[in-house]
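# Let me see the structure of the following:
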Amino acid sequence: MVQEEINYAVFGLGNPGKEYLTSRHNIGFWVVDYLEKQYKTSQKRIECFAVTWLAALPPAQHVLFVKPATFMNLSGKAVGQIVQKYALPLNRILILHDDLDLPFLQIRIKNRGQSGGHRGVESIIQSLHTDLFARLKIGIGRPGMYEDPVEYVLSSFSKKEQQEIINRMPDLRDAVESWLESGFHHTANRFNRKNTVDDE
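Here you go, the predicted structure:
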């Protein structure tokens, strides 16, 4: 793997460790793990505080998939170093993360904007010194009225929800591939709930 081979980087956010494997906060990890199984990829390696692997996708795109090995609130450490190491323009990175404000498994893509309280995204904004990067937000639903949001995002998906996520994975793969092949605006028009493009 050499630096010139990397055209895009797709980051799935989550917390490392078995205790967080099925947590709501880790849905970004779930998606990139699923994508690894869909494509012919290089061997995994550890670099820049992350686990990475490379896939060659048409049309002749070399895409680096990344799982930060830091905890969620330090995700920017890995993202910043990967961006710097491979000299990636910010319009060539995509962040996959959970979102409390979206209904369960609703997809929404944005190409800029504040963190909305998501500590992983906030860490990336601080590391890159900008919010001008694309993120694919995956709804995990809201906690109950008396439920602590922190405890909610760290709680595990139910078995039923886990199966629904597995069933939804082809759509999530399509959204990532659409962004890679056709860019933000086309993908937003396809996958965001409303037809107008949200680039705020």
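# For the rest of this, base every contact and every neighbour count on C-alpha atoms.
Fine.
# residue ranges of the strands in the chain, please?
8-12, 45-47, 50-57, 61-68, 93-99, 107-110, 134-139 (DSSP state E).
# and the biggest helix by length in the chain, which residues are buried?
Using DSSP state H, we find that the single longest helix of the chain is helix 159-182. Under the neighbour-count criterion of 16 or more other CA atoms under 10 Å, helix 159-182 has Ile165, Met169, Leu172, Arg173, Ala175, Val176, Ser178, Trp179, Leu180 buried.
# ok so, going back, can you convert the strands of the chain into TSV and add a column each for distance to Val79?
Shown next, in TSV, are the strands of the chain (distance: least, CA to CA, whole Å):
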stretch	distance to Val79
strand 8-12	8
strand 45-47	11
strand 50-57	9
strand 61-68	7
strand 93-99	9
strand 107-110	17
strand 134-139	13
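# Switch the ones you listed over to TSV; also include distance to Lys160, mean pLDDT and mean neighbour count.
Below are those laid out as TSV (distance: least, CA to CA, whole Å; pLDDT from 0 to 100; neighbours: other CA atoms under 10 Å):
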stretch	distance to Lys160	mean pLDDT	mean neighbour count
strand 8-12	22	97	25
strand 45-47	33	95	13
strand 50-57	29	93	19
strand 61-68	25	94	23
strand 93-99	18	97	25
strand 107-110	19	96	23
strand 134-139	16	96	23
